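[1] Build me a model:
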Amino acid sequence: MSDKKVKVAIAGVGNCASALIQGIHYYKQKQSVDVSGLMHEDIGGYKPWDIDIVAAWDIDARKVGQDISKAIFSQPNCTATFCPNVPETGVKVRMGQVLDGFPEHMKNYPPEDAFVLADEKEDDLDTVVQVLKESGADVLINYVPVGAEKAARFYAEACLRAGVGFINCMPTFIVSDDDWAKRFEAEGIPAVGDDIKSQVGATITHRVLTQLLLDRGVKLDRTYQLNFGGNTDFLNMLERSRLKTKKVSKTEAVSSLIPYDIDSRNIHIGPSDYVPWLKDRKIAFIRLEGRLFGDVPMHLELRLDVEDSPNSAGVAIDAIRCAKLAKDRGIGGALYSISAYTMKHPPIQYTDWQAKQMVEEFIQGKRER
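    Okay, here's the model as predicted:
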């Protein structure tokens, strides 16, 4: 067992947090016997089981006040249980700021699908900063819902004031925003974002297929990606007004690879619907239409069916360790390499093979960030 630890705080104890925490203990039990499912077993001497959760916030009545080991299995969480025996941590889930953390329509669904707002005193900014400092947190990972723009910025501000690294898994543009990035750099605090790409999800698959067609000389004319699932993320996104940055993030992740203008009407990427019985399963349909040699038309269609939150956690576990590695090295500001590799809307878009190479160089100390 390593003496090196990564102390992590979590904002939003939903399915993604559940999968991440289960994964930490799953690999702790397995150690190096079988490390399948990881992009990196070791990052700068940090293994997945070197991550400790030291603080957490949520706004659901069934999670607030619970030890996080119990909260991750509380409704409306519905992701796969692949490590049911997570030990008690002594870390109680605190009441976060509600702000814009949920849309009103989610109150109208059965509690097993939606959530129940806790009637507790909310931690203000000073309290969150104090908890982050007292817990010794190295990094905070932001899992607040899509559309919770104020809530995302609230936790980013807390990280700046507490000197804690920030990982933004949601499509609120913070790390990819120049003003925010400059603030993190000025304070010497590492930041990774924005909007996490899954290990093998719709976005990374769509990007790889797009790059394949372009590399093989296909003229891409139009494409779509339609996603639906049954977790609270998809229920939340039924309110279309919360999707503006999400659609921008997902669309730019693909369109940034295309070296010519493709009319906005010819590229459609975004969440489509909520199907409760799917639970944490996400289904994506991807279609690309283009022209081969002699302008002969072709099309490619793919159906992807995955458990959404473990797919995300498989990437988050690398982002966390890279952020800690940057902190150890005294590096602040946006981490371009791991952001490009793990996020849909990083400060700078690179092809996936470039981003992977950059991450390897960062881990080896050959690249600053």
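
[2] those helices in the stretch 51-200 of the chain, which residues are they?
    68-71, 125-135, 149-162, 178-187 (DSSP state H, counting those that start in this stretch).

[3] Count the neighbours of the closest residue to residue 201 other than its chain neighbours for me.
    Distance criterion C-beta to C-beta, 6 or more residues apart in numbering; nearest residue to residue 201, sequence neighbours excluded, is residue 311 at 5.3 Å. Glycine gets a C-beta too; all of them are placed from N, C-alpha and C. Neighbourhood size, residue 311 [other C-beta atoms under 10 Å]: 23.

[4] Run through the strands of the stretch 1-150 of the chain in chain order.
    Using DSSP state E, counting those that start in this stretch, the strands of the stretch 1-150 of the chain run over 6-11, 51-58, 94-95, 139-142.

[5] re earlier: kindly confirm my reading that the residue nearest to residue 201 is in a helix.
    Yes - counting by DSSP: H, G, I helix; E, B strand; the rest coil, residue 311 falls inside a helix.

[6] any idea of the pLDDT on it?
    Per-residue confidence (pLDDT) for residue 311: 97.

[7] swap in residue 333?
    For residue 333, the model assigns a pLDDT of 98.

[8] same deal with residue 247?
    Residue-level pLDDT assigned to residue 247 equals 89.

[9] Correct me if wrong: it contacts residue 269.
    Yes - at 6.9 Å, residue 247 and residue 269 qualify as touching, with contact defined as C-beta atoms under 8 Å.

[10] who has more neighbours, those two?
    Neighbour count, other C-beta under 10 Å: between residue 247 and residue 269, residue 269 has more, with 25 against 16.

[11] distance of that one from residue 203?
    Distance of residue 269 to residue 203, computed by C-beta to C-beta, to the nearest Å: 8 Å.

[12] shared neighbours, those two?
    Counting by C-beta atoms under 8 Å, 6 or more residues apart in numbering, the shared contacts of residue 269 and residue 203 are 225, 250, 253, 254.

[13] who's in contact with the first one?
    With contacts defined as C-beta under 8 Å, 6+ apart, the neighbours of residue 225 are 202, 203, 206, 250, 254, 268, 269, 270, 284, 285, 286.

[14] Got a quick PyMOL command for the buried subset of those residues?
    Of those, the buried ones can be selected in PyMOL as follows, counting by 16 or more other C-beta atoms under 10 Å:
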select buried, resi 202+203+206+250+254+269+270+284+286
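
[15] what residues are up against the residue nearest to residue 201?
    Counting by C-beta under 8 Å, 6+ apart, residue 311 touches 198, 199, 200, 201, 282.

[16] Show me which of those residues are buried.
    198, 199, 201, 282.
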